[in-house]
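Q: sequence first, then the predicted structure, then my questions.
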Amino acid sequence: MPLVPLRPLMEAAEKYNYAQGAFNVNAVAQAKAVIEMHETFRSPAILQGADLANAFMGGRVDFANGTLEDKKKGARNIANAVKKYGEHSPIPVVLHLDHGKNFDSCVAAIEGGYTSVMIDGSSLPLEQNIELTREVVKYAHARGVSVEGELGVLGGQEDHVFAATSTYTNPLDAVEFIQKTEVDALAISYGTQHGANKGKDAKLRREIPIAIKECINRLGIFCALVSHGSSTVPQYIVQEINGLGGDIQNAYGINVDELIAAIPCGIRKINVDTDIRLAVTRNMKELFAQQPALQKSPSIGGVYALLEEKKSAFDPRVFFPPIMDTVLTGNVPDDDVALLMSRVEAGVKEAVGSLIVNFGSYGRAPLVEQKSLEDMIDFYKK
Ligand SMILES: [Zn+2]
């Protein structure tokens, strides 16, 4: 089936009390692996492209400087990859824009084939955030596309999204925001953080989603709550990377039990990026350690050189430039690249598979109501 909007997945998660992981992808092989793992578990799937991932997938190795044109091109590349594997999949697959930073970014994603967008106005005062989000909702809902907003500020850094300190979401503001914007989903700040340094023993303030849910239920409004910055940062992977010569310090995630406990409080979408980055980085380092001849490979030796040069990095985008054609198109020129990409896919699957189980989305694909973008256009009109 064609890619589906986010809303029906969130409605099923609400009805049957589980959460969906939402996984960021920066390469064709990653999209393939995320979808295949969800198929294995009969889970619905949410794949995310972040604003800067779109710039990277537009061919910008220096993705932090990507232009709107680069992002448009990248949005199409990611959408094509997700469509290639998702449209013939037996499970419902959503392609969601993570942290759209303005109206134009959201439009670029929707034109590229995204079925759901996030507009992140969380750095604005409440009234302006409502106004911006409302504008995106109007544009997106007229096309059947779902919208996620954000209220409250998460500490930490993820691409260009940075805040030194957290401000927890005020449940009263959240209810007003949901009523006025009519978003399908809302990202809240309740103790999670972006990036790999969330601090040891991070605790989530579950009373925040509980309060918001209680109020919107009484008002008869649907809105799924979203947990950003929720990577678990598996310590065994960090230790393995460092054992292979990496230098990753103070990397701690959210304890998976904390996330599981937040699900009955109304958290229906849980964003994970760092776990995938770590597993992919470890697998690439491991391959070059196991097969040293590959370190001098004409096609992938450059990836090894970057892994050696940037020991504290674990963002695959930093290591991928020598194989950009494969990253962007999925074309595999030789056996060495094929082997490396198989390790990339295995890393994605390890990170994603364990979370599909922990968040309880396995076996749920048949429970999602089949609604197309056209169905949703009619739904929003009513
Ligand atoms: Zn985020």
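A: Great, that's in hand. Residues are numbered from 1 along each chain as shown.

Q: residues in contact with the residue nearest to Phe314 when sequence neighbours are not counted?
A: Among residues not flanking Phe314 along the chain, Thr281 sits closest, at 4.3 Å (C-beta to C-beta, 6 or more residues apart in numbering). For every residue, glycine as well, the C-beta is placed using N, CA and C. Residues in contact with Thr281 (C-beta atoms under 8 Å, 6 or more residues apart in numbering) are 241, 246, 307, 313-316, 319, 347.

Q: now, which of these sits nearest Ile276?
A: Of all the contacts of Thr281, Gly347 has the smallest distance to Ile276: 7.1 Å, by C-beta to C-beta.

Q: tell me, how many residues neighbour that closest one?
A: When neighbours are counted by other C-beta atoms under 10 Å, Gly347 registers 25.

Q: what helix or strand is it located in?
A: In this structure, Gly347 sits in helix 335-359 according to DSSP states H and E.

Q: need the pLDDT of the residue nearest to Phe314.
A: pLDDT for Thr281: 98.

Q: ok, back up a step: can I get the contacts of Thr281 in TSV with distance to Leu225?
A: Output for the contacts of Thr281, formatted as TSV (distance: C-beta to C-beta, whole Å):
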residue	distance to Leu225
Ile241	32
Gly246	35
Leu307	38
Ala313	32
Phe314	28
Asp315	27
Pro316	29
Phe319	34
Gly347	29
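
Q: now these: which count as buried?
A: In the contacts of Thr281, burial by neighbour count holds for 241, 246, 307, 313-316, 319, 347, counting by 16 or more other C-beta atoms under 10 Å.

Q: narrow the residues you listed to those in helices?
A: Among those, the members found in helices (DSSP state H) are 241, 307, 316, 319, 347.

Q: which residue packs closest to the third one, ignoring adjacent ones?
A: If I follow you right, that is Pro316. In space, Pro316 comes closest to Val280 once its chain neighbours are excluded; the distance is 4.8 Å by C-beta to C-beta, 6+ apart.

Q: do Tyr168 as well
A: Ser189 (5.3 Å).

Q: ok, which pair from the contacts of Thr281 is furthest apart?
A: Pairwise distances across these peak at 15.0 Å for Ala313 and Gly347 (criterion: C-beta to C-beta).

Q: closest one of the contacts of Thr281 to Leu340?
A: Checking these one by one against Leu340 (C-beta to C-beta), the nearest turns out to be Phe319, at 9.9 Å.

Q: show me where the stretch 101-250 of the chain has helices.
A: Assigned by DSSP state H, counting those that start in this stretch, the helices in the stretch 101-250 of the chain fall at 103-112, 126-141, 171-181, 207-219, 235-243.

Q: pull out the buried residues from stretch 116-132.
A: Of all the residues in stretch 116-132, those buried under the rule 16+ other C-beta under 10 Å are 116-122, 129-130, 132.

Q: next, the residue nearest to Tyr168: phi, psi?
A: phi -100, psi 110 (degrees, to the nearest 10).

Q: same check, this time on Ala50
A: Backbone torsions of Ala50, given as degrees, to the nearest 10, read phi -80, psi 160.

Q: hmm, Gly100 and it touching each other?
A: No: the criterion here is C-beta atoms under 8 Å, and Ala50 misses it with Gly100 at 9.0 Å.

Q: and the two? Which one has more around it.
A: Per other C-beta under 10 Å, whichever of Ala50 and Gly100 has more neighbours is Gly100, with 29 against 26.

Q: what pLDDT does the closest residue to that one other than its chain neighbours get?
A: In this structure, Gly100 finds its nearest non-sequential neighbour in Cys106, 4.4 Å apart by C-beta to C-beta, 6+ apart. We have a pLDDT of 94 for Cys106.

Q: the strands in the protein, which residues?
A: Taking DSSP state E as the test, the strands found in the chain are 20-24, 45-50, 93-100, 116-119, 146-151, 156-158, 161-163, 185-188, 224-227, 267-272.

Q: make CSV from those strands and add mean pLDDT and distance to Met324 to it.
A: CSV is the format used below for the strands of the chain (pLDDT from 0 to 100; distance: least, C-beta to C-beta, whole Å):
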stretch, mean pLDDT, distance to Met324
strand 20-24, 96, 18
strand 45-50, 94, 16
strand 93-100, 96, 21
strand 116-119, 98, 26
strand 146-151, 97, 30
strand 156-158, 65, 22
strand 161-163, 64, 24
strand 185-188, 97, 31
strand 224-227, 98, 31
strand 267-272, 97, 25
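
Q: let me have these in JSON lines, extended by distance to Gln235.
A: JSON lines is the format used below for the strands of the chain (distance: least, C-beta to C-beta, whole Å):
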{"stretch": "strand 20-24", "distance to Gln235": "19"}
{"stretch": "strand 45-50", "distance to Gln235": "24"}
{"stretch": "strand 93-100", "distance to Gln235": "25"}
{"stretch": "strand 116-119", "distance to Gln235": "29"}
{"stretch": "strand 146-151", "distance to Gln235": "29"}
{"stretch": "strand 156-158", "distance to Gln235": "18"}
{"stretch": "strand 161-163", "distance to Gln235": "25"}
{"stretch": "strand 185-188", "distance to Gln235": "26"}
{"stretch": "strand 224-227", "distance to Gln235": "20"}
{"stretch": "strand 267-272", "distance to Gln235": "16"}
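
Q: count of residues packed around Asp247?
A: Using other C-beta under 10 Å, Asp247 has 10 neighbouring residues.

Q: how far away is it from Glu240?
A: Remark: distance between Asp247 and Glu240 (C-beta to C-beta, to the nearest Å) = 13 Å.

Q: quick check: Ile110 touching Ile119?
A: No: using C-beta under 8 Å, Ile110 makes no contact with Ile119, being 11.3 Å away.

Q: can you get me the start-to-end distance on stretch 326-345?
A: End-to-end distance for stretch 326-345, by C-alpha to C-alpha, to the nearest Å: 13 Å.

Q: how about stretch 181-189?
A: When the end residues of stretch 181-189 are compared by C-alpha to C-alpha, they are separated by 18 Å.
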